[in-house]
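Asks: Next one to model:
(chains A and B)
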Number of protein chains: 2
Amino acid sequence: MHDRELDAIFRPRSIAVIGASTKKHTIGREILHSIIDFEFNGKVFPVNPKAPVIHSIKAYSTILDVPDAVDLAIIIVPRDHVKRVVEQCGDKGVKGLVIITAGFKETGPAGAKLEQEILEVARSYGMRMIGPNCFGVLNTEPNVQMDTTFSKVRSLPGRIGFVSQSGALGQVIIEYARNLGLGFSMFASVGNKADISGNDLLRYWQDDPSVELILLYLENFGDPRTFTQIARQVTKKKPIICVKSGRTTPGARAVSSHTGALANLDVGVDALFDQCGVLRVDSIEEMFDLALALSSQPIPKNNKVAIITNAGGPAILATDACVNWGLEVPRLKETTKRFLRQHLPEQASVENPIDLIASAGPEGYSLALEAVMKDDSIGSVLAIFVPPVMIDPKAIIDVIVEVRKRYEKTLLTCFMGPAEVIHGSEGLLQNRIPMYIFPEAAAKALADMVKYRRWVEKKPGKTGKYPGDRLKVSDIIEKSLESGKTRLVGEEALELFGAYRIPIAAYALATKQAEAVTRAEKLGYPLVMKINKPEVLHKTDIGGVIVDIRNAKEVKTAYGKLIKSLSRGKKKQRVTEVLLQQMLRGGVETVFGMTQDPSFGPLMMFGLGGIYVEVMKDVSFKIHPLTDKDAEEMIQSVRGYPLLTGFRGSKPVDMEILKEILLRLSQLVGDFPEIEEFDINPFFAAPERAQCKAVDARIILKSPK
Amino acid sequence: MHDRELDAIFRPRSIAVIGASTKKHTIGREILHSIIDFEFNGKVFPVNPKAPVIHSIKAYSTILDVPDAVDLAIIIVPRDHVKRVVEQCGDKGVKGLVIITAGFKETGPAGAKLEQEILEVARSYGMRMIGPNCFGVLNTEPNVQMDTTFSKVRSLPGRIGFVSQSGALGQVIIEYARNLGLGFSMFASVGNKADISGNDLLRYWQDDPSVELILLYLENFGDPRTFTQIARQVTKKKPIICVKSGRTTPGARAVSSHTGALANLDVGVDALFDQCGVLRVDSIEEMFDLALALSSQPIPKNNKVAIITNAGGPAILATDACVNWGLEVPRLKETTKRFLRQHLPEQASVENPIDLIASAGPEGYSLALEAVMKDDSIGSVLAIFVPPVMIDPKAIIDVIVEVRKRYEKTLLTCFMGPAEVIHGSEGLLQNRIPMYIFPEAAAKALADMVKYRRWVEKKPGKTGKYPGDRLKVSDIIEKSLESGKTRLVGEEALELFGAYRIPIAAYALATKQAEAVTRAEKLGYPLVMKINKPEVLHKTDIGGVIVDIRNAKEVKTAYGKLIKSLSRGKKKQRVTEVLLQQMLRGGVETVFGMTQDPSFGPLMMFGLGGIYVEVMKDVSFKIHPLTDKDAEEMIQSVRGYPLLTGFRGSKPVDMEILKEILLRLSQLVGDFPEIEEFDINPFFAAPERAQCKAVDARIILKSPK
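Replies: Model prediction:
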């Protein structure tokens, strides 16, 4: 795919508005008006079979009647005419389409079919297409100046690229941004994403100097794997902020593993964003709080914030919020404090927050700002001002603007009170200094900026090759599916994992008492004996597990107990086979797992086993495939991690093997898409590698249909 | 204390402004101006030794020169004159004081001393006093109309009482509220709270019909016990919303117990608010989002929300936020759906959220609103509107206002886009229908309203009497402190708890091998043997604990091992005594504790023991004293609670005894303020009451100074 293809849509030299209308307050009229009103730098041709003139411009019956070449067609005709119009566009040699018309995939199968047909027509002519069911696109570059949306408000020029999956929110956001003094470089409402999706736009903007910051409003991911790939690259160059909604949409999938039950739908989204450096925010408001900072300020070099204020209350709120978001409000350097002490009035506090007290005028702010700008231990500055009776906010703003010009350090401000009370606060925004009404918003923005710095500086992880016995695994899976079995439990599952060199506790099966003894002697003691019935999920609960068997006599007793006491009832439920297994001790029980996210594919899980996973749900997820860094982070991010590093004098477990197992499992999942879900639970993690072994496991295969 | 005393401050018939000034933009001028500008219903007398006229009003040299009686004096004179002026006020027979002047306790010991002297003068004359170092008070009741603040903006009349510990924030909040159409009934900036604190105002407003909702901005609690008592009563009648800042102020206290280490400073505040029904919010913004709803809408009767929208995106954001805050967005009743299906256009969705699609006009909104207002399964309604090109927001607003008049159900609205785009959104606020820019804010407000309903409906818990052997405990504490010992560990601590009928595992001490055997035989097997050295906190870590001792021979071996192997090194470190203790099995380890919060006093703790408390920090806190309901909630709110209710086929533990122990400990803490902190860790919780016993404990006593 050539990125420049999208130039036909975002940088056209001529536009046809097909379905332009003479009637005010219709979309067909408003879009034409937007194009003219925004002073598009190319030619615009209204197309309407009935009207010869629209908005003082000569109109044409069909696109084919337009005398000049047309790069981009905006289509607003009724749904059932869209396909024919797209064909005409193809015949005319149009290169890009923006289909505003709704009534396609979002309305059901018939609409989806029509949408697909239109897409095929567009593709057959080599046309790229935005929509259908969208709000339009815009580009504020001076040599383009195109607004094909039906927004009532024009975007300011700027360096933000913005993709919205919701037309309504797109409109809201353009208006909201304008009020904050934020401008967009390009905007696209992608609607049903039949052809062009957010991924295409990320690719298009990746190296485009006119876009320095990307905002996304997403409701779902069409192709999350591609998204991850592209986003990972883009975020190393420019930040992406995303509101991903639909967090709580109830999922309809049935889960039959622990891992599946633990992975709520949003775990995948968080893991994905985390793994590709996208800054996820919780609301549109937060998106703008952050965009305001990222679009104008350098990324803080560390998480240390200096707060300057003229009132105690707001500074306390700011400190609380900073610390809450993982920032530090550290002591200032002694030299800084000494300087402040010398120059500020006696009642001022030269600790951090620096409280200039209510009488502080421009000189006080200037001094304090200079001091923290020069203090190289400080990464960013938050200047708070609450206008007292005697101080003119304008003078404070002027000082802030002046000092900011001389120092390259992240500076946010909080001017408290409604905008109309803070005279001249636009002076800050005009000088690209973010101004917030409440200190909490500023603190959150700073914290996200610091998070972004960590991402940019993070070295990429490696995936590596961890091949296993593919043939053997293929064989197990094939045989299972042939016999109509999609669940592998106990020794069947362990065998499969063993083939990918996951160490497993030695085991043997027995259907007779004598056989049990022979097998036991061969395995060695101590042993565990379990009933071998896949249907029984929690064998312990029904007394189906006997532990710490130490000799042949105990094997016999245990065998008798399991077979006899549990073999009552219907024939089907009878226990006829036991599993003998090496008993492991002294380690920490862990659990490995994988489940499928409906949009992200395999989600890998690691956690502490037993009660930790079942009651405390102490697990971590990442999206497949895993790098070595991913594996490390997964292990370190469980709350019970201290149990693995040697708790209360016990030896630390072998972390390397845990990481290696995650990477081996990642390889297995990549090699065998037939595997739907699995748990290895427990996996005994011990200080010595040779003692680290999987004890039980379960695999669910995809039903072949 | 008689509540009506505060009438002198909030409902005076005459005010003197002592320190009134002729100079504009000074506090002395602005306060006098506020009083006049707001058209105070009584008389105002400027007092200034130099100016005969201020703001066109005759001024007096001193308060003593004022010819009429004066109820309230606002004092703005320089700090060093305040005391004299207060004396004069007393002589004049003034009843209430508002001291604006700063420079007292907030500046250090000298200021604190002066403040105390002034307070004593005021008290000696029976005057009540607000401040010093405050921003003033106001009362918007039509028969009072008093604004003694130096705010540039006047408050709207309303039914909100507001106490602010920060003058600057008070000002910000009055202005912010005005912009939202929210009015205050009374406001007080309490400054240094020398006399009148938030508690006094809560008491004053408790039964005052002019206050229906109370807002607090607090930085610390002067007297949290009184606060709890009063707030508990007030919140049953009217909601209190509080921003408590200073969450992260680093605490300087040293902690020497688990409980202490686990209780960060904010745990106490959260527990306190929870126990007295105060709605804690995270920011000023959130305070207003909630105040907007609580001041105009009925409390929802349940947590079920119906969402009506004309655009998908915002409805998804709203649903996410609702579910995230514990609300439900349930299916609508079949009859409701059928009705909607009949009347709404085909493309509309009649599921919840009801999506009327972009073409929806007033009829659509009217229909949908009526339908969900009538649906008695629904507790509240959130109507979202994003203005499309063809629809006039005004018409939608009119419909919402009209429907609202006919139904008594909680209704919030979200009109997306900046205020100036939503023409006429004031129409909503004027009709007391809350309007939010973003759906997340509306969802959070709804969730807090539902939380408030739960509080109001909650039956109060009982404390009860759980007396113990006070004499014995007194004796232990006295002896300890006499010998300069403030730490009781192991058997010393257990003995103390035993005296308050906390069941403890039987134990005995031994300093000789033979003695150990005798004691062991008497205790019965199995046994645990531990070194008895208080200094060693984690005995297991150094091999100082031997478990599962089953006979006399094993007692001997164990004794030898502990004494010999651990008795190397310096004399001081030698082990000379062992503790033998009944070994408990099959239960769940829990932990009970208490620590002192610097402002709230004793914080009681419950949690799961062992690794759960140490690694997972799975504990819950409540403020002393505990009711039976508190105890129940503490136990139920730990994450590992399922382990207590019978996990994986094991029997549930005896919950009653756990509750009883919390109440007994609460009694002990109340009876003995000498106890600074304690842990009972572990306490074995077992299915049978007789098996539930404390195994180890630690008590820290307050150092007598």
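
Asks: all contacts plus neighbour counts: C-alpha atoms, from now on.
Replies: Noted.

Asks: Just the pLDDT at the residue of the stretch 301-450 of chain A found nearest chain B, thanks.
Replies: Distance from chain B to each residue of the stretch 301-450 of chain A (CA to the nearest CA) is smallest for A:Gly417, at 4.8 Å. You'll see A:Gly417 listed with a pLDDT of 70.

Asks: Find the nearest non-adjacent residue to it, please.
Replies: Excluding its sequence neighbours, the residue lying closest to A:Gly417 (CA to CA, 6 or more residues apart in numbering or on different chains) is B:Val172, at 4.8 Å.

Asks: From B:Val669, how far off is that neighbour?
Replies: Distance, B:Val172 to B:Val669, using CA to CA, to the nearest Å: 42 Å.

Asks: same thing with A:Ser474?
Replies: 66 Å.

Asks: Which residues of the stretch 51-200 of chain A lie near chain B?
Replies: Within reach of chain B by CA under 8 Å from any CA of the partner chain, the stretch 51-200 of chain A has these residues: A:107, A:150-152, A:165-166, A:168-169, A:172-173, A:175-176, A:179.

Asks: wait, what's in contact with the residue of the stretch 301-450 of chain A closest to chain B?
Replies: Contacts for A:Gly417 (CA atoms under 8 Å, 6 or more residues apart in numbering or on different chains) come out as A:Val386, A:Ile437, B:Val172, B:Ile173, B:Glu175, B:Tyr176.

Asks: State the three-state secondary structure for A:Val17.
Replies: Following DSSP: H, G, I helix; E, B strand; the rest coil, the label given to A:Val17 is strand.

Asks: residues contacting it?
Replies: For A:Val17, the contact set (CA under 8 Å, 6+ apart) comprises A:Gly28, A:Ile31, A:Leu32, A:Val44, A:Phe45, A:Pro46, A:Val47, A:Ala73, A:Ile74, A:Ile75, A:Ile76.

Asks: got it, and A:Ile546?
Replies: A:Val528, A:Met529, A:Lys530, A:Ala558.

Asks: follow-up on the earlier one: so for A:Ser474 and B:Val669, which residue has more residues nearby?
Replies: A direct count of neighbours by other CA atoms under 10 Å in any protein chain shown for A:Ser474 and B:Val669 places B:Val669 higher, at 21 against 15.

Asks: which ones are touching that one?
Replies: B:Pro602, B:His624, B:Ile675.

Asks: Now neighbour count and distance to A:Leu643 too, for those, in a markdown table please.
Replies: A markdown table is the format used below for the contacts of B:Val669 (neighbours: other CA atoms under 10 Å in any protein chain shown; distance: CA to CA, whole Å):
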| residue | neighbour count | distance to A:Leu643 |
| --- | --- | --- |
| B:Pro602 | 24 | 31 |
| B:His624 | 24 | 33 |
| B:Ile675 | 22 | 33 |
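
Asks: tell me which of these is nearest to chain A?
Replies: For the contacts of B:Val669, the nearest to chain A is B:Pro602 (23.7 Å; CA to the nearest CA).

Asks: Do I have it right that that closest one meets B:Leu626?
Replies: No - between B:Pro602 and B:Leu626 there is no contact under CA atoms under 8 Å: 10.5 Å.

Asks: Quickly list what's touching both of the two.
Replies: Shared contacts of B:Pro602 and B:Leu626 (CA under 8 Å, 6+ apart): none.

Asks: Would you map out the domains in chain A?
Replies: Listed domain ranges for chain A are A:3-247+A:257-292, A:296-457, A:470-474+A:484-582, A:588-701 (source: automatic domain parsing).

Asks: can you tell me which of those domains the model trusts least?
Replies: Here these differ in mean pLDDT, and the lowest is domain A:470-474+A:484-582 at a mean of 85.

Asks: The residue of the stretch 301-450 of chain A closest to chain B: what secondary structure?
Replies: Classified using three-state DSSP, A:Gly417 is coil.

Asks: Next, please give the residue ranges for the helices of the stretch 551-700 of chain A.
Replies: A:552-565, A:611, A:628-636, A:641-644, A:655-671 (DSSP state H, counting those that start in this stretch).

Asks: Let me have those helices in a markdown table, extended by distance to B:Ala445.
Replies: Shown next, in a markdown table, are these (distance: least, CA to CA, whole Å):
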| stretch | distance to B:Ala445 |
| --- | --- |
| helix A:552-565 | 57 |
| helix A:611 | 36 |
| helix A:628-636 | 36 |
| helix A:641-644 | 37 |
| helix A:655-671 | 43 |
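
Asks: Specify the stretch among those that is closest to A:Pro362.
Replies: Closest to A:Pro362 of those, according to CA to CA: helix A:628-636, at 47.2 Å.

Asks: Can you spell out which helices and strands pack onto that closest one?
Replies: strand A:601-608, strand A:619-623, helix A:655-671 (3 or more CA pairs under 8 Å, 6 or more residues apart in numbering or on different chains; DSSP states H and E).

Asks: go again using 10 Å as the cut-off
Replies: On a contact count with 3 or more CA pairs under 10 Å, 6 or more residues apart in numbering or on different chains; DSSP states H and E, helix A:628-636 meets strand A:601-608, strand A:619-623, helix A:641-644, helix A:655-671.

Asks: Now tabulate these in a markdown table and tack on distance to B:Asp266.
Replies: Shown next, in a markdown table, are the helices and strands packed on helix A:628-636 (distance: least, CA to CA, whole Å):
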| stretch | distance to B:Asp266 |
| --- | --- |
| strand A:601-608 | 29 |
| strand A:619-623 | 27 |
| helix A:641-644 | 25 |
| helix A:655-671 | 35 |
